[in-house]
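Undergrad: next come a sequence and a model predicted from it.
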Amino acid sequence: MSKHYEGGCHCGAIRYSCTKEPELTFFCHCRDCQRTTGSPFSMELMIDQSCFEIDGPLKSYVVVGDSGKPVTRWNCTQCGSGIYLEGEADPGYVFLKVGSLDDASWVAPEMHIYTVAKQPWIKIDDNLPQYERAPDG
Ligand SMILES: [Zn+2]
Ligand SMILES: [Zn+2]
């Protein structure tokens, strides 16, 4: 379904827009998300790359993710905000960090993944599906 939404980094140098609803929305409790966000989990939107346009001074680095495949994380060169990531495990998609959206109030989380790494003091009290790792294994 078509939908238009926009976002960017903290300093404003990076702006992006999307023209299609996310394929999937999820909380990720993996250690990589904990470290890169400085938070106990990350909330992410899986987006069809063809509907995603981004402008600004981006830099990236690659770390092998829990899938065992390389994950490229894109951040603003000026303020360091994490904007999105791409994984070889999911070609054709980007994973946007929900906190970078101008308005994230419409987002409807669908699941929790990598609960194997969830911090014990995070209490999940929604009825969303939980996966120890990714839904497809
Ligand atoms: Zn920035
Ligand atoms: Zn994660």
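TA: Looks like it came in fine. This is a predicted model, so every value here is computed, not measured. Ligands and ions are numbered 1, 2, ... in the order given.

Undergrad: which residue is nearest the centroid of the chain?
TA: Glu44 (3.2 Å; CA atoms, centre = their mean).

Undergrad: tell me the pLDDT at it?
TA: According to the prediction, Glu44 has pLDDT 97.

Undergrad: from ligand 2, how far out is the nearest residue to it once chain neighbours are set aside?
TA: Spatial nearest neighbour of Glu44, chain neighbours left out: Phe95 (4.7 Å); criterion: CB to CB, 6 or more residues apart in numbering. (Glycine included, C-beta is placed from N, CA and C.) From Phe95 over to ligand 2 the distance is 9 Å, taken as CB to the ion, to the nearest Å.

Undergrad: I figured Phe95 hits Ala89, correct?
TA: No - using CB atoms under 8 Å, Phe95 makes no contact with Ala89, being 10.6 Å away.

Undergrad: about what we covered before: which residues are in contact with the residue nearest to the centre of the chain?
TA: 25-28, 33, 95-98 (CB atoms under 8 Å, 6 or more residues apart in numbering).
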